[in-house]
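Asks: quick one, what's the 3D model for this:
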Amino acid sequence: MYNIGDYVVYGRLGVCKIDDICPSPFGGDDRQHYLLRPVDSPTSEVYTPVESDKMPLRALMTKDEAISAVAAFASVDELTVDNERHRRDIYKIAVKDNSPIGMYAVIKTVRARREQLAALRRHLTEADSEYEMYAKKTLYYELSIVLGMQLCDIEQYIDDIIRQQTLSDQINLTGIV
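Replies: Now for the predicted structure:
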């Protein structure tokens, strides 16, 4: 059970703050509910039962987990999409459990795809744009809260860590110490 004031990642809403634990405001339900406020839309309210398995709800990463996750992003592979009609389904599976690695896999895949399509003077599909926006919103808000950084600095922070790690790996492979 979470406490009032905790931040959680909730389904497709992304990072939310628990503002209250209360009975359902809609009546007919005796269960306790979390009152969630999405961090990117603080005037919105979402009620979800405390004891529910329907929507994934997880605590934010700790600072150490966040640092480890960002370090692991360098080894995350792009998602493989053999059939364009399945692109949306593949993205949906990758982000289903709201894991940082799954979120980053979508971001990395769409970034590479954007570059490929730009060379062909074509645009991203709706699925690419939709899932990239969701993955970035969820992952970047979580990292900004946990790491105490500005939201606008997160993408550059991730890129810098990956670049440093890649350079370090190249140096280790060549034997330069």
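
Asks: avg pLDDT for the lengthiest strand in the chain?
Replies: Secondary structure of the chain per DSSP state E: the longest strand is strand 14-23. For strand 14-23, mean pLDDT is 96.

Asks: next: stretch 89-109.
Replies: The model assigns stretch 89-109 a mean pLDDT of 96.

Asks: show the contacting residues for residue 40.
Replies: Residues near residue 40 by C-beta atoms under 8 Å, 6 or more residues apart in numbering: 14, 15, 137, 141. Backbone N, C-alpha and C define where each C-beta goes, glycine included.

Asks: neighbour count added to the residues you listed, as JSON lines?
Replies: Putting these into JSON lines (neighbours: other C-beta atoms under 10 Å) gives the following:
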{"residue": "14", "neighbour count": "23"}
{"residue": "15", "neighbour count": "24"}
{"residue": "137", "neighbour count": "19"}
{"residue": "141", "neighbour count": "21"}
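
Asks: returning to what we had before: elements contacting the longest strand of the chain?
Replies: strand 7-10, strand 32-38, helix 126-147 (3 or more C-beta pairs under 8 Å, 6 or more residues apart in numbering; DSSP states H and E).

Asks: extract the C-alpha trace of the longest one and format it as PDB.
Replies: Output in PDB follows, covering the C-alpha atoms of helix 126-147 (Å, rounded to 0.1, in the frame of the first residue of the first chain):
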ATOM      1  CA  GLU A 126       1.000   7.700 -35.600                       C
ATOM      2  CA  ALA A 127       2.000   4.700 -33.500                       C
ATOM      3  CA  ASP A 128       5.600   5.900 -33.400                       C
ATOM      4  CA  SER A 129       4.700   9.400 -32.300                       C
ATOM      5  CA  GLU A 130       2.100   8.200 -29.800                       C
ATOM      6  CA  TYR A 131       4.200   5.600 -28.000                       C
ATOM      7  CA  GLU A 132       7.400   7.800 -28.100                       C
ATOM      8  CA  MET A 133       5.500  10.600 -26.400                       C
ATOM      9  CA  TYR A 134       4.000   8.300 -23.800                       C
ATOM     10  CA  ALA A 135       7.400   6.600 -23.100                       C
ATOM     11  CA  LYS A 136       9.300   9.900 -22.800                       C
ATOM     12  CA  LYS A 137       6.600  11.400 -20.700                       C
ATOM     13  CA  THR A 138       6.500   8.500 -18.200                       C
ATOM     14  CA  LEU A 139      10.300   7.800 -18.100                       C
ATOM     15  CA  TYR A 140      11.500  11.400 -18.100                       C
ATOM     16  CA  TYR A 141       9.100  12.600 -15.400                       C
ATOM     17  CA  GLU A 142      10.100   9.600 -13.200                       C
ATOM     18  CA  LEU A 143      13.800  10.200 -13.700                       C
ATOM     19  CA  SER A 144      13.400  14.000 -13.100                       C
ATOM     20  CA  ILE A 145      11.600  13.400  -9.800                       C
ATOM     21  CA  VAL A 146      13.900  10.600  -8.600                       C
ATOM     22  CA  LEU A 147      17.200  12.300  -9.700                       C
END
